[in-house]
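S.K.: sharing a sequence plus its predicted fold:
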Amino acid sequence: ALTLTGGSQVTVSSARNGQAYSFSPGPTSSMATTTIFGSVSAPSQRAAGLVQGGTLNSTGTTWNNPTANGYGLYAGLNGSAPSTLNLTGDTVTSTGANGVTLQTYNNSAVTASNTTFRNDNGLVGIYQWSYGGAAGQVTQDNRIALINTNVTTTGTAYGLYSNNSSNGYAHAVTLQGGSLTSDRWAIIAEGPLLFTATDGARVAGMQGLLSAEAIGTLGEPTVVQLNADRSVLQGLAEADSASQANIVLNNQSEWTGAAWNVTNVSVDPTSRWIIPETSTVSELVTNNGRIAFTPMTGDVYKRLHTGSYVGGSGSVFALNTYLGEDDSPTDQLVIQGGTASGQSMLEFSNTGGPGALTRGDGIRVVVALDGASTAPDAFAQSVALLAGPYNYRLYRGGNSAGTGEDWFLRSTLDCADPGAPSPPCP
């Protein structure tokens with residue numbers, strides 16, 4: 001093992017073969033006492049710190065690699081030997097084109113406390129890779145534990161890219177406090193990934209929060225489990241047709257972002273999901289807390305499409321609705337082919353409707369498609385809903401054919417109200 005303390009600084013200044021420390025291989029690794037700079041043309045990992053079998057313990061070290069296609073820190077190798085990084089109070093920076101700030105490969109484990117990872121206009125902040133081919137020899141999980149650690153990527157760089165083609169071994173990332181933020185996608189995953197954010201962590205991507213993408217022929221299907229516990233998530237989450245993405249919000253967590261083909265979303269009684277755009281959840285939304293559409297922008301209303309919906313006691317689903325006649329625009333919850341059960345309170349925000357008398361089914365706020373069904377007590381109105389002299393109430397089923405499982409707002413006119421029109425009021 002190698003231990004660095006006392007504010008060491010390691011900077012790569014060569015565009016070729018600029019690896020600062022080489023452990024190769026096994027727990028009795030040797031160390032290069034000076035930085036290796038040369039004109040060797042053979043492939044290599046140009047890293048400020050390279051751990052290939054063995055352990056690097058570092059406290060307060062600054063690692064900087066400004067070279068193209070280089071690495072700040074690299075842990076892992078082909079073969080069964082584990083590679084371990086333990087960082088405390090370090091700073092790791094990559095600024096070169098296609099640069100990677102932290103690379104983990106195969107049987108590697110990284111623990112970083114109070115550490116900063118930064119990538120400006122490179123490829124990715126953290127690249128987690130396990131290869132299950134003959135050369136890979138994966139024998140253990142690839143794990144990264146970040147404790148009060150910040151990962152920041154700007155420009156072209158993604159936050160975390162996880163490629164797990166190990167067949168049977170996990171990729172696991174824990175963010176305990178701290179943050180993972182990116183100008184692009186915060187998390188891209190190919191193959192199975194468990195990502196857990198806890199203790200006030202923040203995960204955000206300007207392009208998106210999470211993209212679950214199909215793995216190649218070597219790996220298992222992509223299943224991403226993103227768990228938030230007292231944490232904040234921001235950005236779009238999506239999964240392609242060959243992948244799954246599940247998001248769980250617990251213990252006062254909040255996610256602000258749209259979903260596109262996300263598989264399952266679960267919100268506990270203390271948490272909330274805020275939806276800024278029309279979204280799709282292919283299997284199940286479990287709402288024990290609060291799900292709310294953002295306030296309307298312009299004339300654009302939104303929908304949440306889901307296979308099935310379960311509402312817990314005290315849960316709220318909040319929509320924006322223009323309180324007018326039957327054809328008034330509104331946000332909608334759309335159940336496609338499954339069921340709506342439990343009980344959620346529907347909370348409505350009037351977007352400027354003056355009120356009017358509904359003369360048919362009313363304003364449709366919950367839609368059942370493709371044979372979907374809704375339980376008679378699946379939804380209830382949270383509070384009285386008044387617009388001018390009109391009182392709107394929530395009803396299950398309409399008079400039109402095929403609307404028996406839908407839910408509508410229908411209005412009645414209070415002729416005792418000073419603003420009641422005449423006619424029909426006397």
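M.R.: Perfect, I can see it now. Numbers count the residues shown, from 1 in each chain.
S.K.: which residues of this structure score low on pLDDT?
M.R.: Where the chain drops to pLDDT under 70, the residues are 1-2, 6-8, 11-45, 133-136.
S.K.: list the contacts for the residue lying farthest from the centre of the chain?
M.R.: No residue in the chain sits farther from the centre than residue 426, which is 57.0 Å out by Cα atoms, centre = their mean. By Cβ atoms under 8 Å, 6 or more residues apart in numbering, the contact set of residue 426 is residue 415. (C-beta placed from N, C-alpha, C; glycine too.)
S.K.: is it true that residue 74 touches residue 63?
M.R.: No. Using Cβ atoms under 8 Å, residue 74 makes no contact with residue 63, being 10.5 Å away.
S.K.: overlap in contacts of those two?
M.R.: residue 49.
S.K.: distance-wise, check the residue farthest from the centre of the chain relative to residue 416.
M.R.: 11 Å (Cβ to Cβ, to the nearest Å).
S.K.: ditto for residue 83
M.R.: Distance from residue 83 to residue 416, counting by Cβ to Cβ: 78 Å.
S.K.: who has more neighbours, those two?
M.R.: A direct count of neighbours by other Cβ atoms under 10 Å for residue 83 and residue 416 places residue 83 higher, at 26 against 8.
S.K.: which residues does the more buried one contact?
M.R.: Residues near residue 83 by Cβ under 8 Å, 6+ apart: 23, 51-55, 75-77, 105-109.
S.K.: list only buried entries from those.
M.R.: When the contacts of residue 83 are checked for burial by 16 or more other Cβ atoms under 10 Å, the buried set is 23, 51-55, 75-77, 105-109.
S.K.: output the residues you listed as CSV; include the columns secondary structure and distance to residue 392.
M.R.: Formatted as CSV, the buried ones among the contacts of residue 83 follow (DSSP: H, G, I helix; E, B strand; the rest coil; distance: Cβ to Cβ, whole Å):
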residue, secondary structure, distance to residue 392
23, strand, 69
51, strand, 64
52, coil, 67
53, coil, 69
54, strand, 69
55, strand, 66
75, strand, 60
76, coil, 61
77, coil, 66
105, strand, 59
106, coil, 60
107, coil, 61
108, strand, 59
109, strand, 58
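S.K.: distance to residue 265 for those - can I get that in a markdown table?
M.R.: Shown next, in a markdown table, are these (distance: Cβ to Cβ, whole Å):
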| residue | distance to residue 265 |
| --- | --- |
| 23 | 43 |
| 51 | 38 |
| 52 | 40 |
| 53 | 41 |
| 54 | 42 |
| 55 | 39 |
| 75 | 34 |
| 76 | 33 |
| 77 | 39 |
| 105 | 32 |
| 106 | 32 |
| 107 | 33 |
| 108 | 31 |
| 109 | 30 |
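S.K.: residue 93 bridge partners, please.
M.R.: Beta bridges link residue 93 to residue 64, residue 118, judged by DSSP bridges.
S.K.: next, count neighbours for the closest residue to residue 182 other than its chain neighbours.
M.R.: Nearest residue to residue 182, sequence neighbours excluded (Cβ to Cβ, 6 or more residues apart in numbering): residue 159, at 3.7 Å. Number of residues near residue 159 (other Cβ under 10 Å) recorded here: 28.
S.K.: please verify my assumption that residue 128 contacts residue 159.
M.R.: No. Contact criterion Cβ under 8 Å: residue 128 and residue 159 do not qualify, at 11.3 Å.
S.K.: picking up where we left off before, the residue nearest to residue 182 against residue 189, yeah?
M.R.: No. Using Cβ under 8 Å, residue 159 makes no contact with residue 189, being 11.3 Å away.
S.K.: and the next helix or strand past the top strand by length along the chain?
M.R.: Secondary structure of the chain per DSSP state E: the longest strand is strand 303-321. Downstream of strand 303-321, the first helix or strand assigned by DSSP states H and E is strand 332-336.
S.K.: that following strand vs strand 303-321, what angle?
M.R.: Computed with axes from the mean of the first three to the mean of the last three Cα atoms, to 10 degrees, the direction of strand 332-336 lies at 150 degrees from that of strand 303-321.
S.K.: so after strand 332-336, what's the next helix or strand?
M.R.: Note on strand 332-336: by DSSP H and E, the next helix or strand toward the C-terminus is strand 339-350.
S.K.: chain center to that next one, what's the gap?
M.R.: 24 Å (Cα atoms, centre = their mean, to the nearest Å).
S.K.: and the following helix or strand past that strand, what does it pack against?
M.R.: Next along the chain after strand 339-350, taking DSSP H and E as the criterion, comes strand 363-369. Judged by 3 or more Cβ pairs under 8 Å, 6 or more residues apart in numbering; DSSP states H and E, strand 363-369 is in contact with strand 303-321, strand 332-336, strand 339-350, strand 407-413.
S.K.: now what about the next helix or strand along the chain from strand 363-369, what contacts it?
M.R.: Sequence-wise, the next helix or strand downstream of strand 363-369 (DSSP H and E) is strand 373-374. With contacts defined as Cβ under 8 Å, 6+ apart, strand 373-374 is touched by 335, 339-341, 366, 368, 396, 405-407.
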